[in-house]
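**Student:** What shape does this take:
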Amino acid sequence: MSKLRNKETDRLFEAFMTLKNVDEFYELFEDLCTVKEIKDMTQRLQVAALLSKGSSYQKVSELTSVSSATISRVKRCLDYGTGGYGKVLERLEEKK
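**Tutor:** Numbering: from 1, shown residues only. Predicted coordinates for the structure are as follows:
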């Protein structure tokens, strides 16, 4: 079980599940997060997508301007994490 799991975090994630469209996500995330936090999460998902398609660290760095430390962290999550990136990326591909 996640070290983060508690009633308050469950409530946060349940709040996300009440959102009905991208516009509502923008409204909540702009209130909840800083612009930098949103951009960082956006970049991490982009890095995960590139790595999952076989891009090299150098190519990912060139395309995203993300540090090698961030690329390594995302790669570790893809390889040894909980599967969250993989699940989301697969679902995004299915929507195409």
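
**Student:** spatially speaking, which residue is in the middle of the protein?
**Tutor:** The geometric centre of the chain, computed from its C-alpha atoms, lies nearest to Leu45 (CA atoms, centre = their mean), at 4.2 Å.

**Student:** what pLDDT, on average, does the helix or strand encompassing Glu8 get?
**Tutor:** Element membership for Glu8 (DSSP states H and E) is helix 7-17. Helix 7-17 comes out with an average pLDDT of 96.

**Student:** could I have stretch 74-91 exported to PDB, CA atoms only?
**Tutor:** The C-alpha trace of stretch 74-91 is given here as PDB (Å, rounded to 0.1, in the frame of the first residue of the first chain):
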ATOM      1  CA  VAL A  74      10.700   8.800 -14.600                       C
ATOM      2  CA  LYS A  75      12.500   5.800 -16.100                       C
ATOM      3  CA  ARG A  76      12.800   4.200 -12.600                       C
ATOM      4  CA  CYS A  77       9.100   4.700 -12.100                       C
ATOM      5  CA  LEU A  78       8.400   3.100 -15.500                       C
ATOM      6  CA  ASP A  79      10.600   0.200 -14.700                       C
ATOM      7  CA  TYR A  80      10.000  -0.400 -11.000                       C
ATOM      8  CA  GLY A  81       7.000   1.900 -10.000                       C
ATOM      9  CA  THR A  82       3.400   1.100  -9.400                       C
ATOM     10  CA  GLY A  83       2.400   1.100 -13.000                       C
ATOM     11  CA  GLY A  84       0.600   4.500 -13.000                       C
ATOM     12  CA  TYR A  85       2.400   6.000 -15.900                       C
ATOM     13  CA  GLY A  86       1.900   2.800 -18.000                       C
ATOM     14  CA  LYS A  87      -1.800   2.700 -17.300                       C
ATOM     15  CA  VAL A  88      -2.400   6.300 -18.100                       C
ATOM     16  CA  LEU A  89      -0.200   6.200 -21.300                       C
ATOM     17  CA  GLU A  90      -2.100   3.100 -22.500                       C
ATOM     18  CA  ARG A  91      -5.400   4.700 -21.900                       C
END
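
**Student:** How about residues contacting the helix holding Glu8?
**Tutor:** Phe25, Leu28 (CB atoms under 8 Å, 6 or more residues apart in numbering). (Each C-beta comes from the backbone N, C-alpha and C, glycine too.)
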